[in-house]
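Novice: how does the following fold in three dimensions:
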Amino acid sequence: MTLQWDYIAKIVSLGDSGCGKSSLTIRLCEGRFSPHHDVTIGVEFGSRIVSVGPPASLSLNVNNPTSNANGSSQTALLNPTSPGKTPRQKHMKLSLWDTAGQETYKSITRSYFRGASGALLVFDITRRNTFASVTSWLHDLRQIAEENIVVILVGNKADLAPSSTVSSADAANKRQVTKEEAEEWCRQNKVMQYVETSAKSGDGVERAFLEVAERIFQNIEAGKYDLNDRRSGVKGPGVGGGGGGNTARTVNLGMNDAAAAGKSAGGGCC
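Specialist: Next up is the predicted model:
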């Protein structure tokens, strides 16, 4: 299966070992859940093409700009009968770099943060110590990545936490970190958003990656990236041997293309 992309962005996932980072990548790229996954050594790769910008972003309500008082700005974009007001849907290829969470590999995986335009900072909502570690992971990321990197906090394994609160009386609820705590941490650390996911059921997984992709697209539209500089973590059409102008490139979906790109880039974008 082939799809066209207008932009390609490097996204890294980071966090303690066992939080489900690899499972999130597999769920997004392959649509499946593997209950038994080998510990990641260094970095693993995946890729997925997603729709960014209107009309898809408005219909999904992902990173929606605030509409005007009567909501007409959204209605006009979503209404296909309004001639000339529905833009061409754009697509972004997410080059996903799933980094190892074990301390043994930390000196290696830190280097992969370079040239990333987005990051998923992942913890396990059933293990409080993994939440305690996210501040250190964020510090490492911001020390190495570009200043304007888009970061969201992801609380994984929501299928084990049916309640949003911590309760020792409910044996089925293994939650150790509340949504309120995670959201407050985001506010204090200037992290864009908090999303809860379940790699097992798939709930919230696509939403988490779309939140990052859409904010990157908004930054592209605002001219915040140099698409000719791989350190920005974003490439546009025509960069690196593709077509020029507004012509989108055609690529094959799959794990191998992201892996090959990683080897050739030497830690740079995509």
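Novice: would you map the helices across the protein?
Specialist: 21-30, 56-60, 72-78, 106-109, 128-132, 134-144, 179-188, 205-221, 255-265 (DSSP state H).
Novice: you'd agree residue 118 is up against residue 212?
Specialist: Yes - contact status for residue 118 versus residue 212: in contact at 4.0 Å, counting by Cβ atoms under 8 Å. Heads up, the C-betas are built off the backbone N, CA and C, glycines and all.
Novice: tell me, what's touching these two both at once?
Specialist: 11, 150 (Cβ atoms under 8 Å, 6 or more residues apart in numbering).
Novice: residue 212 and residue 191: what is the separation?
Specialist: Separation of residue 212 from residue 191 (Cβ to Cβ, to the nearest Å): 11 Å.
Novice: neighbour count for the two, which is higher?
Specialist: Under the criterion of other Cβ atoms under 10 Å, the comparison of residue 212 against residue 191 puts residue 212 first, with 28 against 19.
Novice: so what's that one up against?
Specialist: 11, 118-120, 150, 152.
Novice: between these, which is nearest residue 96?
Specialist: residue 11 (5.3 Å; Cβ to Cβ).
Novice: once you drop chain neighbours, what's closest to that closest one?
Specialist: With Cβ to Cβ, 6 or more residues apart in numbering as the criterion, residue 11 has its nearest non-adjacent residue at 4.4 Å, and that residue is residue 118.
Novice: and for the one you found, the neighbour number?
Specialist: 26.
Novice: over to the one 3 residues further on?
Specialist: As a burial measure, the neighbour count of residue 121 was computed by other Cβ under 10 Å and equals 26.
Novice: likewise for residue 140?
Specialist: 15.
Novice: which one of the contacts of residue 212 has the most neighbours?
Specialist: Most surrounded of those: other Cβ under 10 Å gives residue 119, at 29 neighbours.
Novice: correct me, but residue 133 touches residue 17?
Specialist: No - between residue 133 and residue 17 there is no contact under Cβ under 8 Å: 10.0 Å.
Novice: follow-up on the earlier one: hey, what's in contact with both of residue 212 and residue 191?
Specialist: residue 152.
Novice: which residues in the stretch 1-150 of the chain form strands?
Specialist: Using DSSP state E, counting those that start in this stretch, the strands of the stretch 1-150 of the chain run over 2-5, 7-14, 43-52, 90-99, 118-124, 150-156.
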